[in-house]
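# Structure here, sequence nowhere to be found:
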């Protein structure tokens, strides 16, 4: 049976009484989303609407709105009369998210190879250099730079909406990566894959660049079975 403890924020969020309800809702959503993806809130753990509202010194409505957004990303399950609970990681949903993300990012990369401005290419290279400069064990910093790399690439060719779609679906993939990045795909390999993507874009070769991106996004399919076997209590294999 999954645990049903109620999540308590590890640090008290700042008081946000003066902010608009929509801003508070987004703040709550972002904090809870990050905590779920990073594994700070375990599958089966309950989220208390009233307690989170108290922590943010707000009404329950913004918290309820945040829960709805999390449910849309399939990160929580809202059960009427029972509560809101973090869901297990669905292997099927991770693979489906990878399929959609691959289609979008390969298309973005192909376009970037012919139209990304030089300033964007330089920014992508700088991000890769910053990843290489990280000391071993700084996995969270690496993943933050990884997200910035993919966001920069999408925005370089004017696909802000596509990035929002990617950001929404990749939550499932990120939950897997945060479980054990070193055991999943070595960071040095991910950095090399980023380099190949940038090289293809810089060379103006859509075929090479898109192939490098396809290989990069598919990496999770290699590590997913091992991670699911290592943490069976966190995964579900049902559709």
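Noted; the coordinates are in hand. From a predicted model like this one, the values you see are computed outputs, not experimental measurements.
# rest of the way, CA atoms for contacts and neighbours
Will do.
# Spatially central residue for this protein, please.
residue 171 (3.8 Å; C-alpha atoms, centre = their mean).
# I'd guessed that residue sits against residue 73; true?
Yes. Applying C-alpha atoms under 8 Å, one finds residue 171 in contact with residue 73, separated by 7.5 Å.
# buried set for stretch 107-124?
Going by neighbour count (16 or more other C-alpha atoms under 10 Å), the buried part of stretch 107-124 is 107-113, 116, 120-121, 123-124.
# if I look at residue 52, how far off is residue 83?
Using C-alpha to C-alpha, to the nearest Å, we find residue 52 at a distance of 13 Å from residue 83.
# Who has more neighbours out of the two?
residue 52 (22 against 13; other C-alpha atoms under 10 Å).
# Verify the contact between that one and residue 63 for me.
Yes. Checked against C-alpha under 8 Å, the pair residue 52 and residue 63 is within contact range at 7.0 Å.
# quick revisit: restricted to helices, list the buried residues of stretch 107-124.
In helices, defined here by DSSP state H, the members of the buried residues of stretch 107-124 are 107-113, 120-121, 123-124.
# so which two of the residues you listed are the farthest from each other?
107 and 123 (19.7 Å; C-alpha to C-alpha).
# how close does residue 212 get to residue 133?
22 Å.
# swap in residue 29?
31 Å.
# quick one: which of the two has more around it?
residue 29 (21 against 10).
# and after the helix or strand bottoming out on mean pLDDT in the chain, which helix or strand comes next?
Between all helices and strands in the chain, the lowest mean by mean pLDDT, DSSP states H and E belongs to helix 181-184, at a mean of 62. Downstream of helix 181-184, the next assigned helix or strand under DSSP states H and E is helix 187-202.
# For that next one, which outside residues touch it?
109-110, 112-114, 116, 121, 124-125, 128, 131-132, 181, 206-210, 212-213, 215-216 (C-alpha atoms under 8 Å, 6 or more residues apart in numbering).
# for stretch 33-40, same thing?
Contacts of stretch 33-40 (C-alpha under 8 Å, 6+ apart): 41-42, 70, 75, 86, 171-172, 174-175, 178-179.
# Tell me how many other residues surround residue 218.
Quick note: residue 218 (other C-alpha under 10 Å) scores 15 neighbours.
# Now do the same contact list for it.
Neighbour list for residue 218: 98, 102 [criterion: C-alpha under 8 Å, 6+ apart].
# quick one, phi psi at it?
Taking degrees, to the nearest 10, you get phi -80, psi -10 for the backbone angles of residue 218.
# do residue 86 as well
phi -70, psi 130.
# Show me where this structure has its helices.
21-37, 49-55, 60-72, 91-115, 118-133, 139-156, 160-179, 181-184, 187-202, 206-217, 219-230.
# Kindly state which of those helices is positioned closest to residue 236.
That would be, of the helices of the chain and by C-alpha to C-alpha, helix 91-115, which comes in at 6.4 Å.
# avg pLDDT for that closest one?
Throughout helix 91-115, pLDDT has a mean value of 97.
# ok, and what's touching that helix?
153-154, 156-157, 159, 162, 166, 169-170, 172-173, 197, 200-207, 209-211, 213-214, 217-218, 220-221, 224, 228, 235-239.
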